[in-house]
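>>> Starting from these lines, generate the structure:
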Amino acid sequence: MALGPDSDPLTELSELRRDRGSVFTKSRGEIYVSDPVLAKEILANGEGLFREHSDFFRIRTGMFAPRSAQVEIGRTARVLLRRHAVDHADELPALVAKLAPRSEWPDAGNRLVYEHFRPALIGDAPSAALRETVDQVVERAVLAGARDRWSWLARHRFRGRVTRVLCAELAARRARPAAEPADLLDVVARAAAEGTPEADLAEVFLSCLFAVAGSIGFLLGWSIYLVGTTEPAHSSWVVREALRLWPVAWQFGRTPSREHRLAAVTAKPTDEVVVCSYLVHRDPAHWSEPDEFRPGRWATGAGQEAFIPFGWGPHACTGAGVATQVAETLVGLITSAYRLGVTAPSARPQVSAALAPPRFHLRLEPVSA
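Numbers count the residues shown, from 1 in each chain. Purely as a prediction, here's the structure:
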């Protein structure tokens, strides 16, 4: 979706659903779906009505393959990240303390998550070139709005430099004897089929980086922003309600493999069908006060059939459990040790491929003070 500087796509989509129903055409060839049942059917693709697609493994040349490599990368990455989160949980309070007394968000959340997971991404002792390159990717491509601060030419040159550094690192790792992967670069390098270009592997690694530093960081940012403007609540409820109201992955595009009907709309192979989790999560038939932050609703779990923050089906995010657990731990640490003060120039979210929080200032005052 192309966004102008003054566009408000979320309001536009909400109005279209109100006026046209849960399946509607936004523009020529673009069909939006907000019905929870139909959304899950599309993402699960049990009847093969859509071309095989993975949001995570999409690369510039199409789709990273084979499927067996996708599965192996997802499984091994999940195990590695979960192990790192458990083994290094005692380091989180010190990272949280760096946020006090004042920090600028959502960037502070992205940087905190990246610093915590950096060894799991690139190793305990990366080369200076690798560390500097990946650090710069976070600053120039992961942080909300970062890309807009650079010209097209600067972005093009930077992409070339990043690709060269990552390709050299991946080639060196593929040449080593097989061993237990120490970080996500190892995971990507060792799961790929022989002959897979390093440039393709570099793109998959960058997807891992964006998923960790970007998606988890934005989820943490939304959670802190929301709980900082209301009353404290159980951290798991806060995170799930943040995911419901403001899913970082807010739309999933699919291409029909053949013509078929979606409710009253005909979907053709030339169309794009967009499952909009933002709208699914605000379906008034499944959620009371759907536009309100009500973390207490998760005490019973009611409405979860209309909850797809990480997608659905075989291509759902394999790191969902790790992401929510890390966010819950950090929210618990922050809200138990500090009194929060949140101020934001605007409540408007930052909308792009990811749904990021508005920029806000966070003040932390130790509860013992």
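
>>> Please give me every residue in contact with Ala316.
Remark: with contacts taken as Cβ atoms under 8 Å, 6 or more residues apart in numbering, Ala316 is in contact with Leu43, Phe310. Bear in mind the C-beta positions are built from the backbone N, C-alpha and C, glycine included.

>>> let's go with 10 Å and repeat that
Taking Cβ atoms under 10 Å, 6 or more residues apart in numbering, we find Ala316 in contact with Leu43, Ala44, Ser54, Asp55, Phe56, Gly74, Ala249, Phe252, Ile308, Pro309, Phe310.

>>> Could you measure from it over to Ser277?
Using Cβ to Cβ, to the nearest Å, Ala316 is found at 11 Å from Ser277.

>>> hey, what's in contact with both of the two?
Residues touching both Ala316 and Ser277 (Cβ under 10 Å, 6+ apart): Leu43, Ala249, Phe252, Ile308, Pro309, Phe310.

>>> helix, strand or coil for the second one?
Following DSSP: H, G, I helix; E, B strand; the rest coil, Ala249 is assigned to coil.

>>> what pLDDT does it get?
At Ala249 the predicted local distance difference test score is 96.

>>> With the third one instead?
The predicted local confidence for Phe252 comes out at a pLDDT of 96.

>>> Just give the nearest non-adjacent residue to it, would you?
In space, Phe252 comes closest to Val275 once its chain neighbours are excluded; the distance is 4.5 Å by Cβ to Cβ, 6 or more residues apart in numbering.

>>> The closest residue to Glu47 other than its chain neighbours: what's it in contact with?
Closest residue to Glu47 apart from its sequence neighbours, by Cβ to Cβ, 6+ apart: Glu41 at 7.9 Å. With contact taken as Cβ under 10 Å, 6+ apart, Glu41 is in contact with Val33, Asp35, Glu47, Leu49, Phe50, Leu262, Val275, Trp312, Gly313.

>>> Count the residues that sit near the first one.
The one in question is Val33. The burial count assigned to Val33 is 27, neighbours taken as other Cβ atoms under 10 Å.

>>> Could you list the low-pLDDT ranges of the stretch 201-350 of the chain?
Counting by pLDDT under 70, the stretch 201-350 of the chain has no low-confidence residues at all.

>>> Any idea how far apart the tips of stretch 28-36 sit?
Its first and final residues considered, stretch 28-36 spans 23 Å by Cα to Cα, to the nearest Å.

>>> whoops, I mixed them up, stretch 169-181
14 Å.

>>> so what pLDDT did the residue nearest to Glu47 get?
For Glu41, the pLDDT comes out at 97.

>>> Buried residues of the strand or helix carrying it, list them for me.
Using DSSP states H and E, the element containing Glu41 is helix 36-44. Buried residues in helix 36-44, counted by 16 or more other Cβ atoms under 10 Å: Pro36, Leu38, Ala39, Lys40, Glu41, Ile42, Leu43.

>>> list the helices and strands whichever helix in the chain runs longest packs on?
The helix spanning the most residues in the chain, taking DSSP state H as the definition, is helix 152-174. Under the contact definition 3 or more Cβ pairs under 10 Å, 6 or more residues apart in numbering; DSSP states H and E, helix 152-174 sits against helix 128-137, helix 184-191, helix 198-209.

>>> Flag every buried residue along it.
Phe158, Val162, Thr163, Val165, Leu166, Cys167, Glu169, Leu170, Arg173, Arg174.

>>> Nearest to Gly62 among the residues you listed?
Relative to Gly62, the closest of those is Thr163; by Cβ to Cβ it sits at 17.3 Å.

>>> State the pLDDT value of that closest one.
Thr163 carries a pLDDT value of 97.

>>> Report the separation between the residue nearest to the spatial centre of the chain and Pro309.
Centroid check for the chain by Cα atoms, centre = their mean gives Ser215 as the closest residue, at 3.0 Å. Between Ser215 and Pro309 the distance, using Cβ to Cβ, works out to 10 Å.

>>> Likewise for Gly228?
According to Cβ to Cβ, Gly228 and Pro309 sit 20 Å apart.

>>> and if you look at Arg174?
To Pro309, Arg174 is 34 Å away according to Cβ to Cβ.

>>> same question, Ala264
Ala264 sits 27 Å away from Pro309, going by Cβ to Cβ.

>>> ok, the two, which is more surrounded?
Using other Cβ under 10 Å as the criterion, Ala264 and Pro309 rank with Pro309 on top: 26 against 9.

>>> mind listing what Pro232 touches?
Residues near Pro232 by Cβ under 10 Å, 6+ apart: Val238, Pro295, Val331, Gly332, Ile334, Thr335, Ser336, Arg339, Leu340.

>>> Now the phi/psi pair for it, please.
Recorded main-chain torsions at Pro232 are phi -60, psi 150, according to degrees, to the nearest 10.

>>> What about His286, how many residues nearby?
By other Cβ under 10 Å, 16 other residues sit near His286.

>>> Could you measure from the residue nearest to it when sequence neighbours are not counted over to Tyr278?
With sequence-adjacent residues excluded and distances taken as Cβ to Cβ, 6+ apart, His286 is closest to Ala306, at 3.7 Å. When distance is defined by Cβ to Cβ, Ala306 is 12 Å away from Tyr278.

>>> Kindly report the same for Ala356.
Distance of Ala356 to Tyr278, given as Cβ to Cβ: 13 Å.

>>> Which neighbours do those two have in common?
Counting by Cβ under 10 Å, 6+ apart, the residues touching both Ala356 and Tyr278 are Trp246, Pro349.
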